[in-house]
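Trainee: next come a sequence and a model predicted from it.
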Amino acid sequence: MVQTVDPGNVLGWSWLVPPYQWHFAARAMEPVLALRFDGKCLRAKAEKDHDFGYEVYRRFLGVVSQRLIDTLPQIVGICR
């Protein structure tokens, strides 16, 4: 296990960067309510509406950044 995602948090951003492939798997340990978005559609809308695209990328960059910060202690522990 790499990380636990708390309620209200985002899971996955592979739809955002080429080659648009999952790199990790996820498993729910209890029932969840999840929203699923069409990545291809979102990318097209972001390309068409740059203000929307900027906001999507800005928000997801925050998610990616926080995940890297949260995962760093595990990475450092493995490399020692």
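Mentor: Sure thing, it's come through.

Trainee: okay, CA-based contacts and neighbour counts for the rest of this
Mentor: OK.

Trainee: for Leu11, give me its contacts.
Mentor: Applying C-alpha atoms under 8 Å, 6 or more residues apart in numbering to Leu11 gives the contacts Val5.

Trainee: any stretches of this protein with poor pLDDT?
Mentor: 78-80 (pLDDT under 70).

Trainee: give me that answer again for 90
Mentor: 1-17, 21-30, 32, 34-35, 63-64, 66-80 (pLDDT under 90).

Trainee: got the residue ranges for the helices in it?
Mentor: Here the chain has its helices, by DSSP state H, at 39-48, 50-79.

Trainee: turn those into JSON lines, including distance to Met29 and mean neighbour count.
Mentor: Formatted as JSON lines, those follow (distance: least, C-alpha to C-alpha, whole Å; neighbours: other C-alpha atoms under 10 Å):
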{"stretch": "helix 39-48", "distance to Met29": "25", "mean neighbour count": "13"}
{"stretch": "helix 50-79", "distance to Met29": "20", "mean neighbour count": "12"}
